[in-house]
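In: Fold the following for me, if possible:
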Amino acid sequence: MDSDLEKRRELLFAAEPPDQVDRAYTILSGLPNLRTSKSEKAHTLEVSYNLRNYTLEGLERALEQEGFVLDHSFLHQMARNIIYYCEDTGLHNMEIKTHNTKRNEKDLFVEISAQHPHHEHASIPPELREFE
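Out: Numbers count the residues shown, from 1 in each chain. Here you go, the predicted structure:
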């Protein structure tokens, strides 16, 4: 049933750096088959996707690899792990291959993020970048 594959999740970011929710929104809005909206909750984006295209774990790992900082409080981390497990189990039970999904997420994310001048160096003056 396709409705089992449709997911609506929240991406919870740490309070610092302060502009990361807007930067993530810009990047994620450019990904195909992913609906992104700003939440009324602080430091939060809402995403909707089909498990044939994305997983929460894949999206969050790609964001962290790009330098975004997620909220890793105990309760949020526990909720994330449960969602990761449920999505992975659902994919396995429906015999949907996750390795293709995860590879595609990373490739798409890198491709989209390269088009936006948000890289970690953007806010660091050129003369200080060598000290990172």
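In: Span of stretch 11-31 from start to end?
Out: Stretch 11-31 has an end-to-end distance of 15 Å (criterion: CA to CA, to the nearest Å).
In: now stretch 39-54
Out: Stretch 39-54: ends 20 Å apart by CA to CA.
In: contact partners of it?
Out: With CB atoms under 8 Å, 6 or more residues apart in numbering as the test, stretch 39-54 has contacts from 2, 5-15, 21, 24-25, 28, 31-38, 59, 71, 87, 90-91, 94, 96, 101, 104-105. Glycine gets a C-beta too; all of them are placed from N, C-alpha and C.
In: same question for that stretch, mean pLDDT?
Out: If you average the pLDDT over stretch 39-54, you get 94.
In: List the buried residues in that stretch.
Out: Across stretch 39-54, burial judged by 16 or more other CB atoms under 10 Å covers His43, Leu45, Val47, Tyr49, Leu51, Asn53, Tyr54.
In: ditto for stretch 63-82
Out: Leu63, Glu66, Phe68, Leu70, Asp71, Arg80.
In: Report the mean confidence score over that stretch.
Out: On average, stretch 63-82 scores 94.
In: got the end-to-end distance for it?
Out: Rule used - CA to CA; the end-to-end distance of stretch 63-82 is 19 Å.
In: starting at the chain centroid, how far to that stretch?
Out: Put simply, stretch 63-82 sits 10 Å off its chain's centre (CA atoms, centre = their mean, to the nearest Å).
In: which other helices and strands contact the helix ranked longest in the chain?
Out: Criterion DSSP state H: the longest helix present in the chain is helix 74-93. Counting contacts by 3 or more CB pairs under 8 Å, 6 or more residues apart in numbering; DSSP states H and E, helix 74-93 packs against strand 6-12, helix 56-65, helix 98-114.
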